[in-house]
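1. Dropping the sequence and predicted coords here.
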Amino acid sequence: MEAGYVMQYCGSVTAQRYHNLRAGLLDPWEVVLIFQDMIEAQCLPQARLEQAAHLVAVGLCQVPDQMNYH
């Protein structure tokens, strides 16, 4: 993991953060967070749709229009 990296909630999906995902530098929870951020920002690459669908199916990520607010 890069020095000074801070795990973030509702973070921006920067090119560096996406590069870290592709390079396998993120821990499992950081992967979930970047996928959630990409879903919310509507910038999910076509190549990652199947992975995102899996995370949504198992309940680790949510699609904003389908979220339950109680």
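-> Cool, got the structure.
2. pLDDT of the top helix by length along the chain, averaged?
-> Counting residues, the longest helix found in the chain (DSSP state H) is helix 28-41. Mean pLDDT, helix 28-41: 92.
3. likewise stretch 61-70?
-> Looking at stretch 61-70 alone, the average pLDDT works out to 75.
4. what separates the residue nearest the centre of the chain from V63, distance-wise?
-> Closest to where the C-alpha atoms of the chain average out (CA atoms, centre = their mean) is F35, at 1.7 Å. Taking CB to CB, to the nearest Å as the measure, F35 and V63 are separated by 11 Å. Heads up, the C-betas are built off the backbone N, CA and C, glycines and all.
5. ok so, going back, flag every buried residue along the longest helix of the chain.
-> By neighbour count on 16 or more other CB atoms under 10 Å, the buried set for helix 28-41 is E30, V31, L33, I34, F35, Q36, D37, M38, I39.
6. Can you verify my assumption that the last one contacts L60?
-> This means I39. No. At 11.0 Å, I39 does not count as touching L60 under the criterion of CB atoms under 8 Å.
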